[in-house]
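Peer 1: Need coordinates for the below:
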Amino acid sequence: MNRALTVDDLVIAGIAVAAGLLAAFLLRVLTRWLGKHAERTRWSGDDVIVDALRTVVPWAAVVGGVAAAGGVLPLTRTVQHHVNQVLTVILIFVVTLTAARVIGGLVRAVTQSRSGVAGSATIFVNITRVLVLAIGFLVVLQTLGISIAPLLTALGVGGLAVALALQDTLANLFAGVHILASKTVQPGDYIRLSSGEEGYVVDINWRQTTVRQLSKNLVVIPNGQLAKTNMTNFTRPDEDLTILLQVGVSYDSDLEHVERVTTAVIAEVMTEITGAVPDHEPAIRFHTFGESSIDFTVILGVGEFSDQFRIKHEFIKRLHRRYRDEGIGIPYPTRTVTLQQEAVAIPQQRGAEREPGEAPSARLG
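Peer 2: Now for the predicted structure:
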């Protein structure tokens, strides 16, 4: 435009900006009201969507008001073009950040709703956010008139060099994806590695797996090492597990009576102690004539790995008390050691005289 700026132009532009700000405020109130209703639903995805709208819609109203004001003002074509580009970039930037948060939140909601997928798989969320941000960045460059074809070519060549330089990092990344996709380990599982580390899996991210030990300490394990090592998962396929306790009774015990008493104690523990499995069938198996006792194995059922310590504690206390009341002996290991004394020959000292032809004599003491 070639005409001069007037007061009317400024007033109309101010009204447009004020209208955009007012619309942003009203839309913010509306989305907040929608958010309260979304919290009452069971699906967590609507909370993520409303939270995203709470950010995008007010910003879109503000950008629209500024764009309307710019259209009213007598700006040159070049200035108008630059203003539109800046507003478009701002809007793309806000939409990209919001889209990354929305899609990441939806991925997290899906993983939390499915038991076969990681309940806290931040690796998937992070990868999704990076991809969305990368797409938004390319859209911004295209909007500014920058050709992205050479950039994609350079990224392809540079990506090969980066991949060679970051072999360990990429190995951990793909190992983490493989672990989650194979469903062998998920957050919340109790695992034990062949190297000795064990505990509850807290999180699996793009580089490492965090394990919380029973002592509350955190152990950080690279995903590549976790994928290569031998591992025992005590939570899968079933969280319930059985534990074995070794018990021995004296040889003069009535084994039928021992079995009845032990079975009664097992049933008592299974029904009264938290963490036990009430419907677990008691199992006792005699297996060895030991050196000082007849040994047998007691098989108990526990609901979760850490429950076994409480179950063992209560079972041993109650079994010991019941054996004492029933007169069932738990013998101490005994050994008979026989010592034999033998004469020790001490060679004759040098310089001692003896008759010719006399054999050397031995002395004791």
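Peer 1: And what about residue 313, helix, strand or coil?
Peer 2: helix (DSSP: H, G, I helix; E, B strand; the rest coil).
Peer 1: Next up, the contacts around it.
Peer 2: Neighbouring residues of residue 313 by CB atoms under 8 Å, 6 or more residues apart in numbering: there are none. C-beta here means a position set from N, CA and C on the backbone, and glycine is covered the same way.
Peer 1: ok, the residue lying closest to residue 95 once chain neighbours are set aside to residue 308 distance?
Peer 2: Nearest non-adjacent residue to residue 95, counting by CB to CB, 6 or more residues apart in numbering: residue 56, 6.1 Å away. Look at residue 56 and residue 308: by CB to CB, to the nearest Å, they are 51 Å apart.
Peer 1: sorry, back to before: in contact with the residue nearest to residue 95: list those residues for me.
Peer 2: By CB under 8 Å, 6+ apart, the neighbours of residue 56 are 94-95, 98.
Peer 1: same deal with residue 290?
Peer 2: Neighbouring residues of residue 290 by CB under 8 Å, 6+ apart: residue 248.
Peer 1: For residue 248, see how far away it is.
Peer 2: With distances defined as CB to CB, the gap from residue 290 to residue 248 amounts to 6 Å.
Peer 1: Equivalent analysis for residue 136, please.
Peer 2: Using CB to CB, residue 136 is found at 70 Å from residue 248.
Peer 1: and what of residue 189?
Peer 2: To residue 248, residue 189 is 35 Å away according to CB to CB.
Peer 1: now the helices: where do they sit in the stretch 151-300 of the chain?
Peer 2: With helices called from DSSP state H, counting those that start in this stretch, the stretch 151-300 of the chain shows them at 167-182, 223-228, 255-272.
Peer 1: among the ones you listed, which is the most enclosed?
Peer 2: Most buried of those, by mean neighbour count (mean count of other CB atoms under 10 Å): helix 223-228, with a mean of 19.
Peer 1: Output that one in CSV with nothing but the alpha carbons.
Peer 2: Taking only C-alpha atoms (Å, rounded to 0.1, in the frame of the first residue of the first chain), the coordinates of helix 223-228 have been written out as CSV:
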residue,chain,number,x,y,z
ASN,A,223,20.1,-51.7,27.2
GLY,A,224,22.8,-53.4,25.1
GLN,A,225,24.2,-55.2,28.2
LEU,A,226,20.7,-56.1,29.3
ALA,A,227,19.9,-57.6,25.9
LYS,A,228,23.0,-59.8,25.9
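Peer 1: contacts for that helix?
Peer 2: Taking CB under 8 Å, 6+ apart as the criterion, the residues outside helix 223-228 that touch it are 168, 171-173, 175-176, 178-179, 185, 193, 204, 207-209.
Peer 1: got CSV for the residues you listed, with distance to residue 266 too?
Peer 2: Rendered in CSV, the data for the contacts of helix 223-228 read as follows (distance: CB to CB, whole Å):
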residue, distance to residue 266
168, 50
171, 48
172, 45
173, 48
175, 43
176, 42
178, 42
179, 37
185, 32
193, 32
204, 38
207, 46
208, 42
209, 37
